[in-house]
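> Here is the input, now give the coordinates:
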Amino acid sequence: MADEKDSGSGSIRRPSWDHPVVSTVALELGGLAVSGLVALVGWPFGWLPDTGFVLLVTGLIAIGPAAELYSGAGPPRRLAVVAALLALATVRLLVAAAVNWAFPALADPGVGVLVGYLVALPIGVAVLAWFLTRATVA
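Numbers count the residues shown, from 1 in each chain. All right, here's what the predicted structure looks like:
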């Protein structure tokens with residue numbers, strides 16, 4: 001199997017993220033849950049998290065599958081990272097523009113960027129995984 005690696009001791013090590021895109025979405029939901037808990041705790045005191053805080057927490061929690069894909073890949077991984085970042089930036093900007101266009105009455109324009117980032121992060125991981133598996137097959 002292409003996903004399994006011999007650790008040198010004769011045991012086979014499987015990646016902890018079998019489906020990195022699904023894992024990224026699940027971890028994003030976990031990050032949003034953490035941000036929601038922070039909002040519930042801070043709400044009685046008049047503090048609500050800013051969209052930048054939610055973006056940072058969600059991104060840090062959801063980066064695990066992409067980091068493991070990158071660390072487990074062979075040497076030609078720079079192109080995969082560039083392609084993944086370009087896909088992430090493009091999708092994030094397109095979705096942010098669509099959200100801001102569809103919901104112009106939102107008080108915070110950062111909501112469009114947050115939604116764009118949440119949609120774009122799994123797509124970026126999918127592009128990264130596709131390029132890395134293509135590089136190992138070729």
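> Could you list the buried residues of whichever strand or helix holds residue 132?
Counting by DSSP states H and E, the element that carries residue 132 is helix 110-137. For helix 110-137, burial by neighbour count (16 or more other CB atoms under 10 Å) applies to 110-125, 127-129, 131-132. All C-beta atoms are positioned from the backbone trio N, CA, C, and that covers glycine.
> Next: stretch 49-68.
The neighbour-count criterion (16+ other CB under 10 Å) identifies 49, 51, 54-55, 57-58, 61-66 as the buried residues of stretch 49-68.
> now the end-to-end length of it.
29 Å (CA to CA, to the nearest Å).
> Which stretches in this structure count as helices?
Secondary structure of the chain by DSSP state H: the helices cover 20-42, 51-62, 64-72, 78-102, 110-137.
> Tabulate those in TSV, adding columns for mean pLDDT.
What follows is those, written out as TSV (pLDDT from 0 to 100):
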stretch	mean pLDDT
helix 20-42	92
helix 51-62	90
helix 64-72	89
helix 78-102	91
helix 110-137	87
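> buried sites along stretch 79-92?
Neighbour-count burial for stretch 79-92, counted by 16+ other CB under 10 Å, picks out 80-81, 83-84, 87-88, 91-92.
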